[in-house]
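*Asks:* for reference, the sequence and a predicted model appear below.
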Amino acid sequence: MSTDDDATAAADETPAALGRAVAEIEQHVRADGWDQPPRLYALAPTGELIEHEPDLAAQLGIDPQADLGDALTPIEQDVSDRSIDELLPTITWPESVHGCALAVERIVLPPGAEESMPDDDAAATQWAQQHPSRSDVRVVVGVLRDGSRAAVLRVRGHDGDDELVHGAELSPELGDALSETLS
């Protein structure tokens, strides 16, 4: 099996801890409402964080004696209003960071709508924002160093916990960009 096949196999077997972390991030971001800038998170093993910072257990509401297994703690990063396209290629993570995640909002248009989209980027953005059939979505994508991926997607107006869409490859381009930051 090739390295690409190994990464694909790892991505198909999403660790439960990663799935929980991306869902937790979406819940955290959802509490702040819509129309937010992208938010970037480091994913660190909770057990290692507690071991190095015992006071953190109380802040996180964790029993320091509990078996934390492979739990991951999302740590939000300050991206200083930089565009994600500019920021991601410049990021490297220390070995203590086992993965990372990104929460972004996007506009989704119905099939065929792009045929009437203006060529100019600024005009196209404004056109998409005003399109009567647009949908706003928030996607949270998380990746681990081993190539594992998880993602969740929420459509604006569908705010119930049972309305969160789960799938490792909901945004493969974001997953690829995040993976690059870990190598």
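*Replies:* Yep, it's here.

*Asks:* what sits up against stretch 101-113?
*Replies:* Contacts to stretch 101-113, defined as C-beta atoms under 8 Å, 6 or more residues apart in numbering, come from residues 21-22, 25-26, 29, 34-36, 38-41, 43, 74, 84, 117, 128-129, 131, 133-143, 174, 178. In this view, the C-beta of every residue, glycine as well, is placed from N, C-alpha and C.

*Asks:* helices along this protein, start to end?
*Replies:* Counting by DSSP state H, the chain has helices at residues 3-12, 16-30, 46-52, 55-60, 84-87, 121-130, 172-182.

*Asks:* list the helices and strands the fourth one packs on?
*Replies:* Packed against helix 55-60, as judged by 3 or more C-beta pairs under 8 Å, 6 or more residues apart in numbering; DSSP states H and E, are the following elements: helix 46-52.

*Asks:* how close does residue 138 sit to residue 159?
*Replies:* Going from residue 138 to residue 159 by C-beta to C-beta, to the nearest Å gives 10 Å.

*Asks:* which residues do the two both contact?
*Replies:* Common neighbours of residue 138 and residue 159 (criterion: C-beta under 8 Å, 6+ apart): residue 30.

*Asks:* compare these two (neighbour count), which wins?
*Replies:* For residue 138 versus residue 159, neighbours defined as other C-beta atoms under 10 Å are more numerous around residue 138 (20 against 11).

*Asks:* hmm, that one is touching residue 29, no?
*Replies:* Yes - counting by C-beta atoms under 8 Å, residue 29 is a contact partner of residue 138 at 6.7 Å.

*Asks:* now which of the contacts of stretch 101-113 would you call buried?
*Replies:* 21-22, 25-26, 29, 38-41, 43, 74, 84, 128, 131, 134, 137-143, 174, 178 (16 or more other C-beta atoms under 10 Å).
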